[in-house]
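Engineer: What shape does this take:
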Amino acid sequence: MNIDPLVQRIIVAIKNGEKITIFGDCDYDGLVSGIILYRFLSEFTSNIELKYVERSIGHGTEFVYDQIDEETKLYIAVDSSSNDIEPLKNLQSRGIDCLVIDHHEVLVNNPFAIIVNPQQEGCNYPNKNTSGGLLVWKVCKTIDDYMDTDYADQYVDLAGFAVAADMMLMVEPENRYYFSNSLKNVKHIGLRLLFKKMNANINNLYANDFLYGVSPCVSAATRSDNIQLAIDFLLETDEQRAKKYVSLLVKENEKRKKLQQEALKRLKPTFNLEDKCIVVYDPTIGKGYNGLVAQEISKLYNRPAIVLGNSDDPEYYAGSYRGLDEFSMMEILESCKYAEYAIGHPGAGGTKVKISNLEDLIAELNQKLENQTIDDSIYYDLTFDVSEINERLISKIEDFYRVTGKGFKQGVFRITNLFVSNRELKGKSENTVKIDCGSLKLMKFKTDSTYLDSFPVFSWIEAVGSLNMNYWTQYKPRYTVLKTCQLLLEDYKEVNQTK
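Structural biologist: Predicted structure coming up:
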């Protein structure tokens, strides 16, 4: 819906030499959306500018419209701004035409921009779970069709990774296709280097290599209000300079991990586990990390979580929410009298509450979540005896689950006849527990010494988790590839057995 008039307006700007200003959102999807469009349009015109604001400032055109200069004749917002009426009205009143390419929920009728957004009423585009980056890439493909050019395909890997980074549904065939294609054909020089830096095999990539490796590294820069680092990395085409950006991104990610771990440890004693939704306030975490900490809390206690900090208005707290797959936390918050707003996605986004109403909001959430069924069960797909686990089996399983994400999760397996011979704390932050069960090693991430001390040793257990192969290259004293069969542990139980 609206893609032809939007594309036609861009082509007019190109042919007339008008200045185009692109504004991208500050998350991974928004970054990539802006980069794709900027690099693509740069094939046609040099009269183009790319703008972002730091994550701590906010999302949307309202935070940048006063920075758009009078030379701009066409303003394009990507991955945001469908509902930004007043800012776009202001730009239009200054003689600047406005376009929006977005995928977030449309709450209002916005007459001040041509909008491409599958959430619009009347839009027949079948994939309602697409990302901003994929939509921008499709706009570029349409421009290619109009202009009889072929520039967009060199950015298709960025589009597929944007779908995964923004946690779009992976049961959607289009999303699976583009993400799978990206894993098989990484074109971006910086991303190739970053995958290698994260010890991933660039010729045999899996979803988790991106979701738990590359994506957090790039996003770490935006979360620490160093968005320019992420922009420079994504724009870079020189391999040597890209290597420097890769090293900086990895450092940012290590800082992110440490901050996240410390925040969770500090907040744990404040949790009220009687509440259906854990709500905490900590102004020291920072806007860029509230959502990550909320995600950790939600995963740890299997319930929604809201992490709040200070807002620009001293009478309010603002922060991030994370929900569960069973229901839309955004809809729950939208229905709450004491939540000022809920923006983002069904399971992840931002919210705001008046300080004097915080306890009322918690009570309201307890009431609204009272009838929501939260399943604490751990489900597994198949049972294997430990004697059946080998590299060949795990490789077949990993290949089947190569493309995973929201709605299509990693396979979970029950492993029997495990004998625990040793346990140890691993990692720089000492937050990983390794359990030695002979031919299979059990790994528990993001935990602590308490978990280690409670784990039974010299005991028989059954365990549930996902299987993977860990390959480690050793160069001294001679070249050797060390292979380890691993179970990424979700839970276990002791069993009475003599063997």
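Engineer: Next up, the contacts around the nearest residue to L487 once chain neighbours are set aside.
Structural biologist: Spatial nearest neighbour of L487, chain neighbours left out: G465 (4.5 Å); criterion: C-beta to C-beta, 6 or more residues apart in numbering. The way it works is simple: take the backbone N, C-alpha and C, and place the C-beta from them, glycine included. Applying C-beta atoms under 8 Å, 6 or more residues apart in numbering, we find G465 in contact with V412, F413, I415, L442, L487, L488, L489, E490, D491.
Engineer: Am I right that G465 sits in a strand?
Structural biologist: Yes. Under DSSP: H, G, I helix; E, B strand; the rest coil, G465 falls within a strand.
Engineer: gap between it and L135?
Structural biologist: 36 Å (C-beta to C-beta, to the nearest Å).
Engineer: quick one: G122 and I115, what's the gap?
Structural biologist: Taking C-beta to C-beta, one finds G122 at 12 Å from I115.
Engineer: Where does pLDDT dip in the stretch 351-499 of the chain?
Structural biologist: Along the stretch 351-499 of the chain, segments meeting pLDDT under 70 span 497-499.
Engineer: So which residues of it form helices?
Structural biologist: 358-368, 391-400, 449-454 (DSSP state H, counting those that start in this stretch).
Engineer: residues contacting Q154?
Structural biologist: K187.
Engineer: got it, and S335?
Structural biologist: Neighbour list for S335: K368 [criterion: C-beta under 8 Å, 6+ apart].
Engineer: In strands, which of the contacts of G465 fall?
Structural biologist: Judged by DSSP state E, the contacts of G465 include F413, I415, L442, L487, L488, L489, E490, D491 as members of strands.
Engineer: any idea which of those has the most stuff around it?
Structural biologist: Most neighbours among these, by other C-beta atoms under 10 Å: L487, with 27 neighbours.
Engineer: ok, C437 - contacts?
Structural biologist: By C-beta under 8 Å, 6+ apart, C437 lies in contact with V386, L418, F419, V420, S421, I461, A463.
Engineer: at 10 Å what do you get?
Structural biologist: If you count contacts by C-beta atoms under 10 Å, 6 or more residues apart in numbering, C437 has them with 386, 389, 415, 417-423, 460-461, 463, 485, 487.
Engineer: For it, give the beta-bridge partners.
Structural biologist: With DSSP bridges applied, C437 shows beta-bridge pairing to L440.
Engineer: Can you check which helix is longest in this structure?
Structural biologist: helix 239-267 (DSSP state H).
Engineer: Report the distance from that one to the chain centre.
Structural biologist: Computed by C-alpha atoms, centre = their mean, to the nearest Å, the chain-centroid distance of helix 239-267 equals 15 Å.
Engineer: And the helices in the stretch 51-200 of the chain?
Structural biologist: Ranges of helices in the stretch 51-200 of the chain, per DSSP H, counting those that start in this stretch, are 85-93, 132-147, 156-165, 173-184, 189-197.
Engineer: Now for the contacts of G465: which two are most distant?
Structural biologist: Among those, the pair separated by the greatest distance (C-beta to C-beta) is V412 and L442, at 13.6 Å.
Engineer: which neighbours do those two share?
Structural biologist: Contacts common to V412 and L442, judged by C-beta under 10 Å, 6+ apart, are G465, L487, L488.
Engineer: ok, back up a step: now the contacts of G465 in CSV, with distance to Y451?
Structural biologist: Formatted as CSV, these follow (distance: C-beta to C-beta, whole Å):
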residue, distance to Y451
V412, 19
F413, 21
I415, 19
L442, 12
L487, 15
L488, 14
L489, 10
E490, 13
D491, 11
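Engineer: Looking at those residues, which one is closest to C217?
Structural biologist: L488 (20.0 Å).
Engineer: Please tell me I have it right and the closest one contacts K444.
Structural biologist: Yes. L488 lies in contact with K444 (C-beta atoms under 10 Å); the separation is 8.0 Å.
Engineer: Who wins on neighbours among the contacts of C437?
Structural biologist: L487 (27 neighbours).
Engineer: correct me, but that residue touches L442?
Structural biologist: Yes. Taking contacts as C-beta under 10 Å, L487 lies within contact range of L442: 5.0 Å.
Engineer: Please enumerate the strands of the stretch 251-400 of the chain.
Structural biologist: 278-281, 305-310, 316-322, 341-345, 348-354, 382-385 (DSSP state E, counting those that start in this stretch).
Engineer: So L234 versus R392, what's the distance?
Structural biologist: Computed as C-beta to C-beta, the L234 to R392 distance reads 38 Å.
Engineer: Looking at the two, which has the bigger crowd around it?
Structural biologist: Just comparing L234 and R392: by other C-beta under 10 Å the higher neighbour count belongs to L234, 22 against 9.
Engineer: so what's the more buried one up against?
Structural biologist: 28, 31-32, 34-36, 38-39, 158, 188, 190-191, 218, 242, 245.
Engineer: ok but it is inside a helix, no?
Structural biologist: Yes. Using three-state DSSP, the assignment for L234 is a helix.
Engineer: Quick check: pLDDT value at it.
Structural biologist: For L234, the pLDDT comes out at 97.
Engineer: show me what contacts the closest residue to S33 other than its chain neighbours?
Structural biologist: Take S33 and drop its neighbours on the chain: the residue closest to it by C-beta to C-beta, 6+ apart is V78, 3.9 Å away. Contact analysis of V78 by C-beta under 10 Å, 6+ apart lists 22-25, 29-38, 99-103, 116, 132-133, 135-136, 139.
Engineer: and with 6 Å instead?
Structural biologist: G24, S33, G34, I101, G132, V136 (C-beta atoms under 6 Å, 6 or more residues apart in numbering).
Engineer: if I look at the closest residue to the last one other than its chain neighbours, how far off is Y471?
Structural biologist: Here the nearest residue to V136 in space, its sequence neighbours aside, is S33; by C-beta to C-beta, 6+ apart that works out to 4.5 Å. Relative to Y471, S33 is positioned 34 Å away (C-beta to C-beta).
Engineer: what bridges to the residue nearest to S33?
Structural biologist: Here V78, judged by DSSP bridges, has bridge partners G24, I101.
Engineer: Burial check on the residue lying closest to Q92 once chain neighbours are set aside, number of neighbours?
Structural biologist: Excluding its sequence neighbours, the residue lying closest to Q92 (C-beta to C-beta, 6+ apart) is F112, at 4.9 Å. Counted with other C-beta under 10 Å, the neighbours of F112 add up to 18.
Engineer: residues in contact with Y281?
Structural biologist: By C-beta under 6 Å, 6+ apart, the neighbours of Y281 are L308, Y317.
Engineer: Could you report the pLDDT at it?
Structural biologist: Confidence score, pLDDT, at Y281: 96.
Engineer: That one and S56: what is the separation?
Structural biologist: 17 Å.
Engineer: next one: E331
Structural biologist: 27 Å.
Engineer: Excluding sequence neighbours, find me the nearest residue to the residue positioned nearest the centre of the chain.
Structural biologist: The centre of the chain sits closest to A165, judged by C-alpha atoms, centre = their mean, with a distance of 3.9 Å. Excluding its sequence neighbours, the residue lying closest to A165 (C-beta to C-beta, 6+ apart) is Y28, at 3.9 Å.
Engineer: Wait, the one you found touches M167, no?
Structural biologist: No. Using C-beta atoms under 6 Å, Y28 is not in contact with M167, being 10.1 Å away.
Engineer: Nice, that's everything, thank you.
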